[in-house]
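> Attaching a predicted model along with its sequence, questions to come.
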Amino acid sequence: MIFVAKAGEIPSGERKLVKANGLDVAVFHIGEHFYAINNECPHRQGPLIRGTIVRDETPDVCEVRCPMHGWKFDLATGDSHGRPSNATVYAVVQQGEELYIEI
Amino acid sequence: MSIRMDQIQPIIDREYDYMMSEHPHWSLTKGDQDLELVAHALRVLLHMKTTPQHLSEYLALVDCQHPDGGWGKMSSDKQSAAWVTAFCALMLIRGNLSLKHPRITDSVRKTVRYFLDTQKEDGKWSDPSWADLDAVSHPISFFDVLMGIGGHVVDAPTMDKVKAGWRKGMRFMLERQAEDGGWYDPEFHPTGVEITAHLIQDSIVADIVLGNELNVATCCRKGVRKLLSVQAPDGSWDGENVDHTMDCTRSIMLVCTVLEMRPECDRAIERGLEWILKHKCERGWPDFPGMETNLERTCDGLDTLLKYKAYSQPVMTAIVKLWGYTA
């Protein structure tokens, strides 16, 4: 597990880029949930950390839209809604005040 | 113009050296590569006029062409895709102006067949990685160049088919322009900035070829004005997006030259370029300010500076040549 931050350091609505094991991981805090997704969009490697958060009509589904060419990913599953590749997501584990991602 | 060439040229020279030092990361002579990155690099070779020294790069691209005439995202991919195929073919047809290699001519000819075979009834091409407007604009750009400089590549009946396909594709693009002058795709291009920049540069040829038949000059003029209207006060476009700022800056250079809109656009181009220069990394350019350098963006940055160099010359053909629309 890779340490991300103390939970209070990423307030709701904020995000943080974490570098771990040669990977860049974008961590988002949305509502009561933390999400972690590989920062490189599988389309053209656009930085998802700069993406727009999209609230789906389905309750509790949260997506990030890549700022380069608009590919959209479910932050919980990495699903790209039928595009040729999905994004890789990681579980976020909270231990006390500390946040970790499972890689 | 307040940006002087004696400021730009040393940056071009230094960044070109950097790009060449990254050769193993983009060259097909070194192994499997992302073909969009390869095409970006080959475009820099074209505009640096070093293509004749790099025949092996172009032949390596021919070597990974599929039997159907297309290419995939990676050189090792087996499935062809429209967008990247058009980009590869554009580099080959333009590179062959100086290389004049029969294998490259044959390869371009196969790509013409690929696009004629895969165009849909309504004039578009499809590519699951891109919006329909992207997937149509790149083959149209290839056809633009084929019609401009590739008359010797295909026979007359094939060229007639190309012209018919080109006209259908052009109509598909132009009919989808929004009232405000931009083009949009709700999934891929909600802000419309990048796709508008691409479509005006790909459409402008029709102003020359078709006269006013599709009202293309008006469409492109509206597109330019849309882009001018959404440029940020700091000179960037689309939320400080380096790629899209480079796209807008380059595209406006071409279209405003052809449509004689330079007085209206000069300052926006300059501001765009100033912003691009301000946010470069020590070597190369990032996707967004403050990020690490990105090789594809570095190729785009070099291309933008080289196009600005051409834009600064008094003859209109200097900039038009850098899209391959004329020899």
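Cool, got the structure.

> who's in contact with stretch B:126-133?
A:43, A:69-70, A:82-84, B:73, B:81-83, B:120, B:124-125, B:134-135, B:173, B:176, B:183, B:185, B:187-189, B:195, B:199 (C-beta atoms under 8 Å, 6 or more residues apart in numbering or on different chains). Where you see a C-beta, it was placed from the backbone N, CA and C, and this is true even at glycine.

> Go ahead and build a ChimeraX selection from the buried members of those.
Listed next is the ChimeraX selection for buried residues among the contacts of stretch B:126-133, using 16 or more other C-beta atoms under 10 Å in any protein chain shown:
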select /A:43,69,70,83 /B:73,81,82,83,124,125,134,135,173,176,183,185,188,189,195,199
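
> For stretch B:252-271, buried residues please.
Going by neighbour count (16+ other C-beta under 10 Å), the buried part of stretch B:252-271 is B:252-259, B:261, B:265-266, B:268-271.

> Could you pull up the contacting residues of the residue in chain A positioned nearest to chain B?
Relative to chain B, the nearest point of chain A is A:Gly70 (3.9 Å; C-beta to the nearest C-beta). Contacts for A:Gly70 (C-beta under 8 Å, 6+ apart) come out as B:Ala131, B:Asp185, B:Glu187, B:Phe188, B:His189, B:Pro190.

> what pLDDT does the residue of chain B found nearest chain A get?
For chain B and chain A, the shortest gap (C-beta to the nearest C-beta) falls at B:Phe188, measuring 3.9 Å. Looking at B:Phe188, its pLDDT stands at 93.

> try B:Met1
54.

> Please look at the residue of chain B closest to chain A and B:Asp134 and confirm they touch.
Yes. Here B:Phe188 lies in contact with B:Asp134, judged by C-beta atoms under 8 Å, at a distance of 6.9 Å.

> Residues that sit against both of the two, list them.
With C-beta under 8 Å, 6+ apart as the test, B:Phe188 and B:Asp134 both reach A:His69, B:Ile195.

> Would you mind listing what in the stretch 51-200 of chain B touches chain A?
Within the stretch 51-200 of chain B, the positions lying close to chain A (C-beta under 8 Å from any C-beta of the partner chain) are B:Pro128, B:Ser129, B:Trp130, B:Ala131, B:Asp134, B:Asp185, B:Glu187, B:Phe188, B:His189, B:Pro190, B:Glu194.

> between the contacts of A:Gly70, which is nearest B:Ala327?
For the contacts of A:Gly70, the minimum distance to B:Ala327 (C-beta to C-beta) is 31.3 Å, reached by B:Ala131.

> Look up how far A:His69 lies from the closest one.
8 Å (C-beta to C-beta, to the nearest Å).

> sorry, back to before: cross the residues of the stretch 51-200 of chain B next to chain A against helices and list the overlap.
Cross-referencing those against helices under DSSP state H gives B:Asp134, B:Glu194.

> Nearest to B:Thr293 among the residues of the stretch 51-200 of chain B next to chain A?
Proximity of these to B:Thr293 (C-beta to C-beta) peaks at B:Glu194, which lies at 20.5 Å.
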